[in-house]
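> Test case, fold it:
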Amino acid sequence: MIKVLSEISMLFDYIQTLLNDSFLPLRDDQREVVEMLQRATYDLEKLWMPQHFYQQLPSNEQFRWHHDMGNPLNGLIGLSELLLMDHLAEPHRKYIRAINCSSKDILTQIHDLRIVSTTS
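Residues are numbered from 1 along each chain as shown. As a prediction, the model looks like this:
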């Protein structure tokens, strides 16, 4: 689960790069969506907890945490897919694809944690 923390950190880096790129600035509507990505990533970071804490939670709390983590991740996935449908410069497209893939990977890992904890 340490990989999740590094992926969240990578999401922050990619989003900051997109927001601070003065060579290829984003349009106002694109910047607004990237700022929504940033807020979803902040929510994700606040909710994150190490696996050993997660496993100590009662099952109803685990379910709620799983649901709460899924909301910002689904937001990241949906917003990044929305941005990919727009006309973006290739460097921006590369970062948005990375955000999309990382978000899907984190969601899969959280889902796997839920499965493992219910079978244990």
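> lowest average confidence, helix or strand, in this structure?
For the chain, counting by mean pLDDT, DSSP states H and E, helix 51-56 ranks last in confidence among helices and strands (a mean of 75).
> Backbone dihedrals for residue 57, please?
Summarising the backbone geometry of residue 57 under the convention degrees, to the nearest 10, its torsions are phi -70, psi 150.
> Compute the distance between it and residue 116, please.
Between residue 57 and residue 116 the distance is 14 Å, computed by C-beta to C-beta, to the nearest Å. For the C-beta atoms, the positions are set from N, CA and C on the backbone; glycine is no exception.
> In terms of neighbours, single out the busier of these two.
The neighbour comparison of residue 57 against residue 116 (other C-beta atoms under 10 Å) goes to residue 57, with 14 against 11.
> related to what we said a few turns ago, moving C-terminal of the least confident helix or strand of the chain, what's the next helix or strand?
helix 59-84 (DSSP states H and E).
> Return the angle between stretch directions for the very next helix or strand once past that next one and helix 59-84.
Note on helix 59-84: by DSSP H and E, the next helix or strand toward the C-terminus is helix 90-119. Counting by axes from the mean of the first three to the mean of the last three C-alpha atoms, to 10 degrees, helix 90-119 lies at 160 degrees to helix 59-84.
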